[in-house]
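>>> sequence plus the predicted model coming up.
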Amino acid sequence: MDLVKETQRSVYATVGAAAWVMEAVRAIPDQMGQAWERRSQWMDRAGEAYDDLAGRGQAIMGGARQEVQDRVGQVGEAARRIPGVALAEEKMTGMVVDADQLPIADYDSLTVGEIVQKLRALSQRELQMVEGYERRQRARATVLHRIDELLAKSPRSAATT
(Lines give C-alpha, C1' and ligand atoms only; values in the text may rest on other atoms or scores of the structure.)
Protein backbone atom coordinates (compact mmCIF):
# COMPACT_ATOMS: atom_id res chain seq x y z
CA MET A 1 0.00 0.00 0.00
CA ASP A 2 2.74 2.25 0.65
CA LEU A 3 3.78 1.78 -2.91
CA VAL A 4 0.33 2.76 -4.14
CA LYS A 5 0.30 5.82 -1.93
CA GLU A 6 3.78 6.81 -3.05
CA THR A 7 2.80 6.34 -6.67
CA GLN A 8 -0.32 8.44 -6.17
CA ARG A 9 1.72 11.02 -4.35
CA SER A 10 4.23 11.13 -7.22
CA VAL A 11 1.45 11.50 -9.78
CA TYR A 12 -0.17 14.24 -7.75
CA ALA A 13 3.17 15.99 -7.34
CA THR A 14 3.81 15.74 -11.06
CA VAL A 15 0.36 17.12 -11.85
CA GLY A 16 0.85 19.82 -9.23
CA ALA A 17 4.22 20.73 -10.72
CA ALA A 18 2.74 20.82 -14.19
CA ALA A 19 -0.08 23.04 -12.94
CA TRP A 20 2.44 25.31 -11.24
CA VAL A 21 4.51 25.53 -14.44
CA MET A 22 1.37 26.25 -16.47
CA GLU A 23 0.36 29.03 -14.06
CA ALA A 24 3.87 30.46 -14.25
CA VAL A 25 3.85 30.30 -18.05
CA ARG A 26 0.40 31.92 -18.20
CA ALA A 27 1.64 34.71 -15.91
CA ILE A 28 4.67 35.49 -18.08
CA PRO A 29 2.87 37.91 -20.44
CA ASP A 30 1.40 39.84 -17.51
CA GLN A 31 4.76 39.88 -15.74
CA MET A 32 6.47 41.01 -18.92
CA GLY A 33 3.89 43.77 -19.35
CA GLN A 34 4.38 44.89 -15.76
CA ALA A 35 8.15 44.75 -16.15
CA TRP A 36 7.93 46.80 -19.34
CA GLU A 37 5.68 49.32 -17.62
CA ARG A 38 8.13 49.60 -14.68
CA ARG A 39 10.96 50.00 -17.18
CA SER A 40 9.05 52.80 -18.91
CA GLN A 41 8.41 54.49 -15.58
CA TRP A 42 12.11 54.27 -14.68
CA MET A 43 13.10 55.58 -18.08
CA ASP A 44 10.70 58.51 -17.66
CA ARG A 45 12.13 59.22 -14.21
CA ALA A 46 15.66 58.96 -15.53
CA GLY A 47 14.78 61.32 -18.40
CA GLU A 48 13.23 63.81 -15.96
CA ALA A 49 16.28 63.59 -13.70
CA TYR A 50 18.56 64.10 -16.71
CA ASP A 51 16.51 67.13 -17.82
CA ASP A 52 16.67 68.50 -14.28
CA LEU A 53 20.44 68.09 -14.19
CA ALA A 54 20.78 69.70 -17.62
CA GLY A 55 18.60 72.61 -16.48
CA ARG A 56 20.70 73.09 -13.38
CA GLY A 57 23.88 73.00 -15.41
CA GLN A 58 22.49 75.49 -17.89
CA ALA A 59 21.45 77.83 -15.07
CA ILE A 60 24.91 77.59 -13.52
CA MET A 61 26.63 78.22 -16.83
CA GLY A 62 24.30 81.10 -17.65
CA GLY A 63 24.94 82.62 -14.24
CA ALA A 64 28.66 82.10 -14.60
CA ARG A 65 28.63 83.67 -18.07
CA GLN A 66 26.71 86.67 -16.73
CA GLU A 67 29.07 86.95 -13.77
CA VAL A 68 32.09 86.85 -16.06
CA GLN A 69 30.54 89.51 -18.30
CA ASP A 70 29.80 91.68 -15.27
CA ARG A 71 33.36 91.24 -13.95
CA VAL A 72 34.85 92.02 -17.35
CA GLY A 73 32.74 95.17 -17.49
CA GLN A 74 33.94 96.18 -14.02
CA VAL A 75 37.56 95.54 -14.92
CA GLY A 76 37.12 97.53 -18.13
CA GLU A 77 35.58 100.45 -16.25
CA ALA A 78 38.38 100.39 -13.69
CA ALA A 79 41.04 100.20 -16.40
CA ARG A 80 39.50 103.14 -18.26
CA ARG A 81 40.10 105.32 -15.18
CA ILE A 82 43.84 104.88 -15.66
CA PRO A 83 45.10 107.92 -17.57
CA GLY A 84 45.43 107.22 -21.27
CA VAL A 85 43.78 103.77 -21.24
CA ALA A 86 40.38 104.99 -22.42
CA LEU A 87 41.95 106.93 -25.28
CA ALA A 88 44.06 103.94 -26.30
CA GLU A 89 40.98 101.70 -26.16
CA GLU A 90 39.06 104.08 -28.39
CA LYS A 91 41.88 104.22 -30.90
CA MET A 92 42.17 100.42 -30.94
CA THR A 93 38.42 100.03 -31.32
CA GLY A 94 38.50 102.28 -34.34
CA MET A 95 41.23 100.21 -35.92
CA VAL A 96 39.17 97.00 -35.87
CA VAL A 97 35.61 98.26 -36.30
CA ASP A 98 33.63 97.38 -39.44
CA ALA A 99 31.40 99.79 -41.36
CA ASP A 100 28.22 98.24 -39.95
CA GLN A 101 29.50 98.92 -36.41
CA LEU A 102 30.08 102.61 -37.01
CA PRO A 103 27.79 105.15 -35.31
CA ILE A 104 27.03 106.69 -38.72
CA ALA A 105 24.68 104.53 -40.76
CA ASP A 106 25.69 103.75 -44.36
CA TYR A 107 29.05 105.42 -43.76
CA ASP A 108 30.67 104.10 -46.92
CA SER A 109 27.90 105.47 -49.13
CA LEU A 110 28.07 109.02 -47.72
CA THR A 111 30.02 111.93 -49.18
CA VAL A 112 32.74 113.70 -47.23
CA GLY A 113 30.38 116.64 -46.63
CA GLU A 114 27.64 114.37 -45.26
CA ILE A 115 30.09 112.63 -42.94
CA VAL A 116 31.56 115.89 -41.64
CA GLN A 117 28.05 117.16 -40.82
CA LYS A 118 27.31 114.05 -38.75
CA LEU A 119 30.57 114.09 -36.78
CA ARG A 120 29.54 116.88 -34.38
CA ALA A 121 26.77 114.67 -32.88
CA LEU A 122 29.19 111.87 -31.99
CA SER A 123 30.77 111.11 -28.62
CA GLN A 124 34.53 111.01 -28.23
CA ARG A 125 34.50 107.21 -28.35
CA GLU A 126 32.43 107.26 -31.54
CA LEU A 127 34.76 109.83 -33.10
CA GLN A 128 37.70 107.54 -32.34
CA MET A 129 35.84 104.64 -33.98
CA VAL A 130 35.19 106.67 -37.10
CA GLU A 131 38.76 107.97 -37.13
CA GLY A 132 40.27 104.48 -36.95
CA TYR A 133 37.95 103.20 -39.66
CA GLU A 134 38.58 106.20 -41.91
CA ARG A 135 42.37 105.93 -41.53
CA ARG A 136 42.23 102.23 -42.36
CA GLN A 137 39.85 102.56 -45.33
CA ARG A 138 40.13 105.85 -47.25
CA ALA A 139 42.19 108.26 -45.11
CA ARG A 140 40.31 111.32 -46.42
CA ALA A 141 42.07 114.40 -45.10
CA THR A 142 38.90 116.49 -44.66
CA VAL A 143 37.20 113.87 -42.51
CA LEU A 144 40.33 113.17 -40.43
CA HIS A 145 41.01 116.90 -39.94
CA ARG A 146 37.45 117.51 -38.68
CA ILE A 147 37.70 114.56 -36.29
CA ASP A 148 41.00 115.92 -34.98
CA GLU A 149 39.37 119.34 -34.41
CA LEU A 150 36.46 117.79 -32.49
CA LEU A 151 38.74 115.61 -30.42
CA ALA A 152 40.95 118.60 -29.60
CA LYS A 153 37.91 120.46 -28.25
CA SER A 154 36.96 117.63 -25.89
CA PRO A 155 37.45 118.08 -22.14
CA ARG A 156 39.42 114.82 -21.98
CA SER A 157 41.82 116.01 -24.68
CA ALA A 158 42.49 119.17 -22.77
CA ALA A 159 43.06 117.18 -19.56
CA THR A 160 45.43 114.69 -21.21
CA THR A 161 47.58 117.25 -23.02
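Nice, I can see it.
>>> quick one: terminal-to-terminal distance for stretch 111-125?
Taking CA to CA, to the nearest Å, the first and last residues of stretch 111-125 lie 22 Å apart.
>>> quick one: buried residues of that stretch?
By 16 or more other CB atoms under 10 Å, the buried positions in stretch 111-125 come out as Ile115, Val116, Lys118, Leu119, Leu122, Gln124. Heads up, the C-betas are built off the backbone N, CA and C, glycines and all.
>>> ok, the first one touching Val143?
Yes: the pair Ile115 / Val143 is scored as a contact, 5.5 Å apart, by CB atoms under 8 Å.
>>> shared neighbours, the two?
With contacts defined as CB atoms under 8 Å, 6 or more residues apart in numbering, the residues shared by Ile115 and Val143 are Val130.
>>> and for Ala13, the neighbour number?
10 (other CB atoms under 10 Å).
>>> who are the neighbours in contact with it?
Per CB under 8 Å, 6+ apart, neighbours of Ala13: none.
>>> distance check, it against Glu134.
Note on Ala13: its distance to Glu134, by CB to CB, to the nearest Å, is 104 Å.
>>> got the domain ranges for the protein?
1-81, 83-160 (automatic domain parsing).
>>> adding mean pLDDT, write the ones you listed out as a markdown table.
Listed next are the domains of the chain as a markdown table, based on pLDDT from 0 to 100:
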| stretch | mean pLDDT |
| --- | --- |
| domain 1-81 | 85 |
| domain 83-160 | 83 |
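>>> deepest in the core, which of those domains is it.
domain 83-160 (a mean of 15; mean count of other CB atoms under 10 Å).
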